[in-house]
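have a look; sequence and predicted model below, questions after that.
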Amino acid sequence: MTSASPSSNPSSNGRAKNDFDVAVIGAGIVGAALFRELSRYQIKVVLLERENDVALGASRANSAIVHCGCDPKAGTAMARFNTAGNRMFPELCRQLDVPFVQNGSLICAFSDEELPVIRALYDNGRANGVEQLEILDAASARALEPNLTSAVRGALLAATGGIVGPYELTTALAENGVVNGGVLLLNFDTAAISRAENGPFTVAAADRRTITARFVVNAAGINADKVHNLIARPTFEIRPRRGEYYVFDKSQGALFDRTIFVCPGKLGKGILVSPTVHGNLIAGPNAQDGIARDDTAVTAAGLAEVRAGAGRITEAISWRDSIRNFAGLRAVSTRDDFIIEEAPDQKGFFDLAGIKSPGLTSAPAIALAARDLLADAGLDLVEKKDFNPNRHETHFLSLPPEQRRALAARDSAYGRIVCRCESITEGEIIESIRRPVGATTLDGVKRRCRPGSGRCQGGFCSVRVLEILARELGKDQREILQDKAGSSIILGSRGPVQGGD
Ligand SMILES: Cc1cc2nc3c(=O)[nH]c(=O)nc-3n(C[C@H](O)[C@H](O)[C@H](O)COP(=O)(O)OP(=O)(O)OC[C@H]3O[C@@H](n4cnc5c(N)ncnc54)[C@H](O)[C@@H]3O)c2cc1C
């Protein structure tokens, strides 16, 4: 294997296939945003992900809020990246054809004691550079959001708050990076990192595949401390904090226009109620410490907590219309702020760690900061002339009727609805499988184009999606997984049915 000189920036010509300028570990929103950013330049970049798809960590299980930036304490990295990231969302989501709505947020006081908190958040937000903030009295808050309880005493309105499709954005970033020349290696569970003195890094997966890179960026989310400790002296620890959610049917989606927060507490921003970009309603998360790194279970106690928390905000939710529960793990670090730095004892190894909320919002800005750190460390960034920042995918239902007719006439797969709840066509499902970072599992298809996200939760369409996946991938249906490795759907055949007419 050849190695790159640390002081030069060679082109890809004449280099071994698995020799890179930069290796990014972890294909969550942070790693994918950096990967896409680096694909803009004439360098070789690889994104290493241990799972069988991108966006399978915190980036798929969160509140999906693009925070305005009022909450993180002024002067922290979280504050800086939140405000900067928030400003990047409208253009980024437009370029990548990802659902994003700047619906605004309302942080509410539900007692007179909480009113000073609203004022403090206003001041903190202004210090963080957040624009379009307004303090409202109770009547004005309820005029905007009539489904707030009568206990509301006042609120902070933040017009720049938004909602986004978090896994759609992560997938789109990774896809755009691949289209622009980056390499994505899935099922690459980073197990060892080594280097000859000041030479390139060798990154090895548990299955013994290796790549080399001049620079390594650790964006491994909940495992960022473990990945850091593979090559550097420990400088932080990650302590997972779980948050559980309810997702409601679209019948509840119009209860609120804005995202409704309570005043923040010791463990974070508290339980919120928000519309989603797809027209559902979401309530959560609670905050539980002392959780194992793989424990994304939802619990009766946790859900009761969410219900009680959301009940402070509104009495209007029909809880019978809950269609899904899920939980995500926040990567809370012992340093209580984002860690965006070069490891003190390993030049060329960078951590993007402890990226808890508002990490989704901050990711695009963190990617720019990481790019600048790499440039300062000697990575020569010359822009490609042919970098394409845009991507597009078909959203059949949102097309005007004449375009739908034309598309279905051109390709009959767009004329067959597979998911009746969300009106998703076979054409969109095929597209989600054939795209550059295509789906290979049932949940992978669901994250990309939503069959199974509706009221029946895949009760009707799962079998059809399974058939389409097997056909498109040239696999036996028994090989198709629901989600991560090991989540088989069809375990075997019972053989011919005996008896009966
Ligand atoms: C309950 C909850 C609610 C949240 N709500 C919001 C919100 O509304 N707004 C907001 O801005 N932020 C929110 N966040 C925070 C946000 O979701 C995270 O900050 C963000 O998703 C972190 O992205 P990441 O890429 O760092 O981590 P992840 O998405 O976890 O990605 C890390 C990736 O690294 C991979 N990996 C791990 N170990 C290895 C290894 N050894 N080798 C290779 N790959 C590896 C993982 O499989 C994973 O894909 C919330 C988080 C949670 C949990």
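Yep, that arrived. Numbers count the residues shown, from 1 in each chain.

and the stretch 101-250 of the chain, which residues reach the ligand?
188-190, 219-223, 227, 243 (CB under 6 Å from any ligand atom). Quick note: C-beta positions are derived from backbone N, CA and C, even for glycine.

show me these that map onto helices.
The members of those that map onto helices under DSSP state H are Val227.

between the residues of the stretch 101-250 of the chain next to the ligand, which is nearest Ser493?
The closest of those to Ser493 turns out to be Asp189 (CB to CB; 31.5 Å).

ok, the closest residue to the closest one other than its chain neighbours to Ser39 distance?
Nearest residue to Asp189, sequence neighbours excluded (CB to CB, 6 or more residues apart in numbering): Arg50, at 3.7 Å. To Ser39, Arg50 is 21 Å away according to CB to CB, to the nearest Å.

kindly report the same for Gly492.
43 Å.

looking at these two now, which is surrounded by more residues?
Ser39 (25 against 7; other CB atoms under 10 Å).

list the contacts for the closest residue to the more buried one other than its chain neighbours?
Take Ser39 and drop its neighbours on the chain: the residue closest to it by CB to CB, 6+ apart is Asn180, 3.8 Å away. Asn180 makes contact with 36, 39-40, 384, 387-388, according to CB atoms under 8 Å, 6 or more residues apart in numbering.

quick check: the residue nearest to Asp189 is in a helix.
No - Arg50: not assigned to a helix; according to DSSP: H, G, I helix; E, B strand; the rest coil it is coil.

state the distance from it to Ala220.
8 Å.

doesn't Ala485 make contact with Thr441?
No - assessed by CB atoms under 8 Å, Thr441 is found out of contact with Ala485, at 9.7 Å.

quick one, domains of this structure?
1-101+163-237+334-392, 105-159+238-331, 396-479 (automatic domain parsing).

most packed of those domains?
domain 1-101+163-237+334-392 (a mean of 21; mean count of other CB atoms under 10 Å).

could you check how far that one is from the centre of its chain?
13 Å (CA atoms, centre = their mean, to the nearest Å).

just stretch 316-327 next, same as before
21 Å.

so does it get close to the ligand?
No - shown here: stretch 316-327 not in contact with the ligand (CB under 6 Å from any ligand atom), separated by at least 7.2 Å.

now the end-to-end length of that stretch.
Terminal residues of stretch 316-327 lie 23 Å apart, using CA to CA, to the nearest Å.

ok, residues contacting it?
Against stretch 316-327 from outside (CB under 8 Å, 6+ apart): 61, 147, 242-249, 251-252, 255, 273, 280-281, 283, 285, 296-298, 302-303, 307, 310, 454-455, 457.

point out where the protein drops to low pLDDT.
Within the chain, the ranges that satisfy pLDDT under 70 run 1-13, 497-501.

the helices in it, which residues?
Using DSSP H, helices in the chain cover 29-38, 77-96, 115-127, 138-144, 166-179, 224-229, 300-313, 359-376, 401-410, 426-434, 442-449, 462-473.

what about Leu397, distance to the ligand?
26 Å (CB to the nearest ligand atom, to the nearest Å).

would you agree that residue is in contact with Cys419?
No - look at Leu397 against Cys419 with CB under 8 Å: they stay out of range, at 10.5 Å.

on that earlier part again, of the contacts of Asn180, closest to the ligand?
Ranked by distance to the ligand (CB to the nearest ligand atom), those are led by Arg36 at 12.5 Å.

contact partners for the residue most central in space within the chain?
For the chain, the residue nearest the mean C-alpha position is Ser59 (2.7 Å; CA atoms, centre = their mean). The contact partners of Ser59, taken as CB under 8 Å, 6+ apart, are 28-30, 32, 166-167, 170, 221, 360.

now do Ala141 against Gly265, distance only.
According to CB to CB, Ala141 and Gly265 sit 20 Å apart.

so what's the residue of the stretch 251-400 of the chain found nearest the ligand up against?
Going by CB to the nearest ligand atom, the ligand is nearest to Gly359 of the stretch 251-400 of the chain, at 1.9 Å. By CB under 8 Å, 6+ apart, Gly359 lies in contact with 29-30, 58, 331, 338, 366.

could you do Ile193 as well?
201-204, 216, 227, 230-231, 349.

got the contact list for stretch 414-431?
Contacts of stretch 414-431 (CB under 8 Å, 6+ apart): 278, 393-397, 404, 407-409, 411, 413, 445, 449-456, 458, 460-461, 464-465, 468, 472.

didn't Phe236 look like it was pressed against Arg335?
Yes - using CB under 8 Å, Phe236 and Arg335 qualify as a contacting pair, with a distance of 5.1 Å.

any residues in contact with both of the two?
In contact with both Phe236 and Arg335: Gly354, using CB under 8 Å, 6+ apart.

who's in contact with Gly129?
Counted by CB under 8 Å, 6+ apart, Gly129 has contacts 69, 83.

where's it relative to Ile313, distance?
Counting by CB to CB, the gap from Gly129 to Ile313 is 28 Å.

what parts of the stretch 251-400 of the chain come near the ligand?
Residues of the stretch 251-400 of the chain lying near the ligand (CB under 6 Å from any ligand atom): 285, 328-330, 355-361.

mind doing that once more with 5 Å?
285, 328, 330, 355, 357-361 (CB under 5 Å from any ligand atom).

dump those to CSV, plus distance to Tyr122.
Listed next are these as CSV, based on distance: CB to CB, whole Å:
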residue, distance to Tyr122
Pro285, 24
Gly328, 29
Arg330, 25
Ile355, 26
Ser357, 20
Pro358, 18
Gly359, 24
Leu360, 23
Thr361, 19
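
now stretch 289-297, how far from the chain's geometric center?
Here stretch 289-297 is found 18 Å from its chain centre; the criterion is CA atoms, centre = their mean.

got the end-to-end distance for it?
First-to-last residue span, stretch 289-297, CA to CA: 13 Å.

ok, and what's touching that stretch?
Residues contacting stretch 289-297 (CB under 8 Å, 6+ apart): 61, 222-223, 238-242, 267, 326-329, 332.
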